[in-house]
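Undergrad: Have a look at this fold, sequence not included:
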Ligand SMILES: Nc1ncnc2c1ncn2[C@@H]1O[C@H](COP(=O)(O)OP(=O)(O)OP(=O)(O)O)[C@@H](O)[C@H]1O
Ligand SMILES: [Mg+2]
């Protein structure tokens, strides 16, 4: 469902991704790990179509369609979801209002039946419960004054409702306490299914104890430099990235010079 | 126009006057007066309205004083001078024959906007001035409405009717809040006003329904010099709605209304406005100039609350104010002003604290798009007797794009050491991050912007009566279409 071939991309004119390859098939869970600044969030943002994130070479296909040709909302309507590393606040716009607009737009585009407001409210409450968020949060402004962990849970709550085909989770585990980590993992697992793909960006092996990935990749210097099974994450936990990056710690600029 | 005062003996004045040689009687019989303003014109207006002598005298006094006044130029707006001698100061409502016969004859662009706002067909006809017989639902609604009000002892009628039927009330309160010579536009209005509303709520009565100009039938044309007077007697309550969300077109470019509110001890007046006058095209051509004087006086323990949503007009010059005369009186001002294209708004409020323990709250939200200019101008004055007076002002501006401007002009005058004044101001842009979050969830950018802007205005919208709030939200959405590029 996701085919990335020799992807080059730059952020605000600066090259960050430098020939990245990744294939995600329906039903698979991929974990992407890698040092700070290696380009993990960049990859997620490029796929989701953020402004200033420009594909300069190669291609990224989602269900056979070139993502470069699609507006961000069109990608979302096709079923691509990004849980943000740093969810932004939208003061005064209630979570519920926001969900309603999002679900109206995506469900219609996907030919799913429209939910009336009663159904929507019921589903939203259920989703809240799944990630252990008080339904009162539905009335509050989107992420407005939420704690770090609450913001992350709010992202997963939205994901559960939107039932995306491909979910990109950017460090959803950071900032979560241990109990929340389990709750969120349970939420994500409930979405696992034969027709769905999940890409997890994480720094910690611990999340992968709960959401067991089919593949683990190491991203460094804008490329995937190693791929393996779930054991790879354990190795990384023990040895760090040094043995893979040749002593460099993945800093993008330096990596470029050594390459 | 600053030359207005000098005109008396000028050549131009003679030319204008010559048009009236046909004589007074013919003028009274005609439907529309020739352009120009002089004492005869005022006499004609008064005669046509069958006004008592005192009313005519009042108008003439206003006119004589107005002639000595100058048009203000301190506001942050620019416009070519309005030729006050090119205006006809009286014209009877258009007859049925002159109006469009059906909606097919109405500007399709206007109809498109009505559709987007979800305005029912029969209301569209009324708004567009279509000649339909008075078979609207609103007639029967209005009839039930009137009898209900009568039961409660509430008077709700046109100001002309009030001058004839309730002279004692009108004489007592007209001009008591906004004096005839208050400012240039109010002075002009006092001389030539032709219509508007009058409301009186008797002692201790809670008005059984929201009063809306919309229901005041038999006045199709509100006209350009509207005059509204609302008197809430001791311990009474009234909520009054002015305007509607549908864009109103008007051949008259200049609008200079006066609204006076009197809240007697313990009374509460809530005055909500949604104003959507035609703003003109992208260059502001053809738009309405809206110069309004709105003020209320709150006596002991009384409360006056202004809520306004302004999206229309080429130029808005408007400062709904409260004079907190009585002890423990409360004044509130909640405002959303949206400007786009070439619109210019200079709006805000004045809170004049005279009594002890008086309290005022100001929440102003300005949204600018296109190459528009949006200014907030607020005065908070604590008088020498205003012990423990308190004011809180919050003034937020939101910019869409980088060709527009927002300006804040707070004026604070405190003559009492125990008074507290808090002022908060912010300017923000719709951030790319917010927009991207919405789009990533499948929401198109226009909808996203309108949602974010609505969120920004929430504190004000929640002060509006429910239905009005929903309409106002929709109005913003329609007004913002095309604001993102
Ligand atoms: N707007 C920008 N302008 C210039 N450089 C940028 C911009 N945004 C990101 N970068 C750079 O791109 C590189 C990759 O950043 P990215 O956020 O993708 O890293 P990451 O792998 O997600 O890191 P982390 O683990 O810290 O979240 C970094 O060196 C970062 O500084
Ligand atoms: Mg990151």
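TA: Nice, I can see it. These numbers were taken from a predicted model, which means no experiment stands behind them. Ligands and ions are numbered 1, 2, ... in the order given.
Undergrad: Let me see the contact set for the closest residue to chain A within chain B.
TA: Chain A sits closest to residue B:455 of chain B, with a gap of 3.0 Å, by Cβ to the nearest Cβ. Backbone N, C-alpha and C define where each C-beta goes, glycine included. Neighbouring residues of residue B:455 by Cβ atoms under 8 Å, 6 or more residues apart in numbering or on different chains: A:90, A:91, A:92, A:93, A:141.
Undergrad: does residue B:390 have beta-bridge partners, and which?
TA: residue B:359, residue B:420 (DSSP bridges).
Undergrad: and it, what is it in contact with?
TA: B:358, B:359, B:360, B:419, B:420, B:421.
Undergrad: Same check on residue B:205?
TA: Going by Cβ under 8 Å, 6+ apart, the list of residues near residue B:205 reads B:152, B:153, B:154, B:233, B:236, B:237.
Undergrad: can you check residue B:336 too?
TA: Counting by Cβ under 8 Å, 6+ apart, residue B:336 has contacts B:308, B:309, B:310, B:365, B:366, B:367, B:457, B:460, B:461, B:472, B:476.
Undergrad: just checking, residue B:422 touches residue B:391?
TA: Yes. Contact between residue B:422 and residue B:391 holds when scored by Cβ atoms under 8 Å: they sit 6.9 Å apart.
Undergrad: Can you check the pLDDT for the closest residue to residue A:90 other than its chain neighbours?
TA: Leaving out its chain neighbours, the residue that sits closest to residue A:90 by Cβ to Cβ, 6 or more residues apart in numbering or on different chains is residue A:142, at 4.1 Å. As predicted, residue A:142 sits at a pLDDT of 96.
Undergrad: Near residue A:142, how many other residues are there?
TA: 29 (other Cβ atoms under 10 Å in any protein chain shown).
Undergrad: For it, what are phi and psi?
TA: Here is the backbone geometry of residue A:142 (degrees, to the nearest 10): phi -50, psi 110.
Undergrad: element containing residue A:100, please.
TA: Assessed by DSSP states H and E, residue A:100 sits inside helix A:95-109.
Undergrad: thinking again about what came up before, does the residue of chain B closest to chain A belong to a helix, a strand or coil?
TA: Three-state call for residue B:455 (DSSP: H, G, I helix; E, B strand; the rest coil): helix.
Undergrad: Next up, the contacts around the residue nearest to residue A:90.
TA: So residue A:142 contacts A:89, A:90, A:93, A:94, A:95, A:98, A:154, B:437 (Cβ under 8 Å, 6+ apart).
Undergrad: try it again with 6 Å
TA: Residues near residue A:142 by Cβ atoms under 6 Å, 6 or more residues apart in numbering or on different chains: A:90, A:93, A:95, A:98.
Undergrad: Would you write a ChimeraX line that selects the buried entries of those?
TA: Here is the ChimeraX command that picks out the buried ones among the contacts of residue A:142, judged by 16 or more other Cβ atoms under 10 Å in any protein chain shown:
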select /A:90,93,95,98
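Undergrad: how many neighbours does the residue of the stretch 1-150 of chain B found nearest ligand 1 have?
TA: For the stretch 1-150 of chain B, the residue closest to ligand 1 is residue B:76, as judged by Cβ to the nearest ligand atom, at 36.2 Å. Here the number of neighbours of residue B:76 (other Cβ under 10 Å) works out to 16.
Undergrad: So it sits against residue B:345, correct?
TA: No. The pair residue B:76 and residue B:345 fails to qualify as a contact (Cβ atoms under 6 Å) at a distance of 8.8 Å.
Undergrad: Which parts of the stretch 151-259 of chain A are strands?
TA: A:166-170, A:197-201, A:215-220, A:223-228 (DSSP state E, counting those that start in this stretch).
Undergrad: Pull the distance from the first one to the chain's centre.
TA: Which is strand A:166-170. 2 Å (Cα atoms, centre = their mean, to the nearest Å).
Undergrad: just checking, what packs against it?
TA: helix A:40-48, strand A:80-83, strand A:197-201 (3 or more Cβ pairs under 6 Å, 6 or more residues apart in numbering or on different chains; DSSP states H and E).
Undergrad: Tell me what residue A:167 is bridged to.
TA: residue A:81, residue A:198.
Undergrad: With mean pLDDT and distance to ligand 1 as added columns, please give the strands of the stretch 151-259 of chain A in CSV.
TA: Listed next are the strands of the stretch 151-259 of chain A as CSV, based on pLDDT from 0 to 100; distance: least, Cβ to the nearest ligand atom, whole Å:
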stretch, mean pLDDT, distance to ligand 1
strand A:166-170, 96, 7
strand A:197-201, 96, 7
strand A:215-220, 95, 7
strand A:223-228, 93, 12
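Undergrad: would you list those in JSON lines and tack on distance to residue B:448 and mean neighbour count?
TA: As requested, those are exported to JSON lines (distance: least, Cβ to Cβ, whole Å; neighbours: other Cβ atoms under 10 Å in any protein chain shown):
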{"stretch": "strand A:166-170", "distance to residue B:448": "20", "mean neighbour count": "25"}
{"stretch": "strand A:197-201", "distance to residue B:448": "25", "mean neighbour count": "24"}
{"stretch": "strand A:215-220", "distance to residue B:448": "30", "mean neighbour count": "24"}
{"stretch": "strand A:223-228", "distance to residue B:448": "33", "mean neighbour count": "17"}
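Undergrad: okay, now the residue lying closest to residue B:422 once chain neighbours are set aside: neighbour count?
TA: Nearest non-adjacent residue to residue B:422, counting by Cβ to Cβ, 6+ apart: residue B:392, 4.9 Å away. Burial of residue B:392 is recorded as 15 neighbouring residues (other Cβ under 10 Å).
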